[in-house]
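[1] no sequence on this one, just coordinates:
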């Protein structure tokens, strides 16, 4: 009796579930109990090296077969080739609910291969029908297709086994260079650019690339390690140099804080307003004007490279910029080292001769400042030369709690040093 597969109502019973015990994947029947025969088949597959993802794929194919058998009221042990034929017809003509045109040829062939393997395993154990409901190709006589194919020769098309679907010849996926450049230009993140570059140059799956960690990136050999979808084994794949460049740019981007500072136009105005004051700041602290210009350039470079940390308030930005200038001067003080050597030389000459002409007021002030503690000397300069208040000077030098006592002590010491410099030959006051 012919079966009308187009009018067949296939119930959505059973499910494929994951369990903690072996084999890890089970097929649940209509009552919610695991099908023991399928679990044994999965255990055999797992013992033969199949991956857990393959077990789930096979389980979904068997679930489709189990539901079809439930609709036809045929136990799995009594399935015949007529049932396998109707199963293929149902997949081609009907398919799942909500989809027109049935399943794709590749899906039908995969389901037939899984059902055939399941029954072959059950027949070997003596638990199942005597004849596999999914027939094999007669001309192969049980041999694998193209088992002894010469790798130097192209594959010759052969006769398909019964019920197998003809696979359409697909054009290899390709994208013209112009469209690829347009696609690359539309990406907004260095992360996406790195993923696309790795995807094209390695040929790995997107899911495999998303599983790459830092320890699987070998920049020296320009290779990345991916865990293959089927076997789960680690495989190192060569990648293009551009992919590693985009990956490095993304790593640097993740280490940078979010842009919360003023806009680029505001940064330009801040630089224009502060540049003259910063230049005067350096000119008062170095002997060679060229050194002051170099220090100013380094300070402005820091401001331009780190706009996200520049305060939005004008006064706060001024204090922050002078703090950067102070650190720039401390770390790159080439002229300071030359000036220190010169002062030591002058001190030796004064000690040896014990008589020198009295210095001018400007020279006396500089000489007295040089004898102060560096922090006290900087506080005096910030307050009297740069016009900062004691509180602002404290924020620049990073000593907010002791600024008043330090400033008072520095002034007293400076007065004593000025009296001594004005009359060289007298011991300096403590």
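    Everything's here; your move. Treat the numbers as computed from the prediction; the structure is a model and nothing was measured.
[2] contacting residues around residue 75?
    Counting by CB atoms under 8 Å, 6 or more residues apart in numbering, residue 75 makes contact with residue 69. Bear in mind the C-beta positions are built from the backbone N, C-alpha and C, glycine included.
[3] Now do the strands in the stretch 151-300 of the chain.
    217-218, 223-227, 234-238 (DSSP state E, counting those that start in this stretch).
[4] for the second one, packing partners?
    Using 3 or more CB pairs under 8 Å, 6 or more residues apart in numbering; DSSP states H and E, the elements in contact with strand 223-227 are helix 190-202, helix 206-210, strand 217-218, strand 234-238.
[5] Quick one: closest of the strands of the stretch 151-300 of the chain to residue 35.
    Comparison of those against residue 35 by CB to CB identifies strand 223-227 as nearest, at 30.0 Å.
[6] Just want the angle from that closest one to helix 190-202.
    90 degrees (axes from the mean of the first three to the mean of the last three CA atoms, to 10 degrees).
[7] Within its sheet, name the partner strands of strand 223-227 and how each one runs.
    Neighbouring strands of strand 223-227 in its sheet, by DSSP bridges, are strand 217-218 (antiparallel), strand 234-238 (antiparallel).
[8] Residue 137: which of these is closest?
    Counting by CB to CB, residue 137 lies closest to strand 234-238 out of the strands paired with strand 223-227; the figure is 33.0 Å.
[9] need the contact list for residue 230.
    51, 53-54.
[10] Could you find the closest non-adjacent residue to residue 119?
    For residue 119, ignoring the flanking residues on the chain, the nearest one in space by CB to CB, 6 or more residues apart in numbering is residue 132 at 4.6 Å.
[11] Looks like that neighbour contacts residue 113 (just checking).
    No. Residue 132 is beyond contact range of residue 113, at 11.8 Å (criterion: CB atoms under 8 Å).
[12] Neighbour count: the two, which is higher?
    residue 132 (19 against 15; other CB atoms under 10 Å).
[13] just checking, that one is part of a helix?
    No. Counting by DSSP: H, G, I helix; E, B strand; the rest coil, residue 132 falls outside a helix, being coil.
[14] picking that back up, output the strands paired with strand 223-227 as TSV; include the columns mean neighbour count.
    Listed next are the strands paired with strand 223-227 as TSV, based on neighbours: other CB atoms under 10 Å:
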stretch	mean neighbour count
strand 217-218	15
strand 234-238	13
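[15] Out of these, which is closest to residue 29?
    Here strand 234-238 is closest among these (CB to CB), at 37.4 Å.
[16] now the closest one: mean pLDDT?
    Averaged across strand 234-238, the pLDDT comes to 93.
[17] all numbers from here: first residue = 48
    Renumbered: residue one is now 48, and that last one reads strand 281-285.
[18] Identify the residues contacting it?
    Contacts of strand 281-285 (CB under 8 Å, 6+ apart): 248-251, 263, 265, 268-275.
[19] what's the domain layout of this protein?
    Residue ranges for each domain of the chain read 52-185, 224-302, 306-403, 404-477, as given by automatic domain parsing.
[20] mind showing which ranges of the stretch 348-477 of the chain have poor pLDDT?
    Applying pLDDT under 70 to the stretch 348-477 of the chain flags residues 380-386, 397-409, 467-477.
[21] in it, which spans are helices?
    With DSSP state H, counting those that start in this stretch as the criterion, the stretch 348-477 of the chain has helices at 361-378, 381-400, 408-417, 421-431, 437-444, 450-469.
[22] returning to what we had before: out of the strands of the stretch 198-347 of the chain, flag the one nearest residue 72.
    With CB to CB as the criterion, residue 72 lies closest to strand 270-274 of the strands of the stretch 198-347 of the chain, at 18.8 Å.
[23] Now that closest one: buried residues?
    Residues 270-273 are the ones in strand 270-274 that count as buried (16 or more other CB atoms under 10 Å).
[24] Out of the residues you listed, flag the one nearest to residue 317.
    residue 271 (42.9 Å).
[25] ok, that closest one - contacts?
    245, 249, 251, 256, 259, 263-265, 283-284, 286.
[26] what's the average pLDDT for stretch 97-110?
    The model assigns stretch 97-110 a mean pLDDT of 89.
[27] which outside residues touch it?
    By CB under 8 Å, 6+ apart, stretch 97-110 touches 61-63, 65, 70-74, 85, 89, 92-93, 157-158, 161-162, 164-165, 276-279.
[28] Try it again at 7 Å.
    61, 63, 70-72, 74, 85, 89, 92-93, 157-158, 161-162, 165, 276-279 (CB atoms under 7 Å, 6 or more residues apart in numbering).
[29] if I look at residue 241, how far off is residue 251?
    13 Å (CB to CB, to the nearest Å).
[30] Please read the previous query as pertaining to residue 337.
    55 Å.
[31] Between those two, tell me which one has more neighbours.
    residue 251 (21 against 9).
[32] if we can go back for a sec, tell me the one among the buried residues of strand 270-274 nearest to residue 373.
    residue 271 (44.7 Å).
[33] What count of nearby residues applies to residue 352?
    Residue 352, neighbours per other CB under 10 Å, totals 9.
[34] swap that for residue 438, sorry
    11.
[35] Please report how far it lies from residue 116.
    86 Å.
[36] and residue 196, that's in a strand?
    No. Counting by three-state DSSP, residue 196 is not part of a strand but coil.
[37] and it, how far is that from residue 183?
    19 Å.
[38] what's the answer for residue 103, then?
    Taking CB to CB, one finds residue 103 at 26 Å from residue 183.
[39] what's the answer for residue 440, then?
    Residue 440 is 92 Å from residue 183, by CB to CB.
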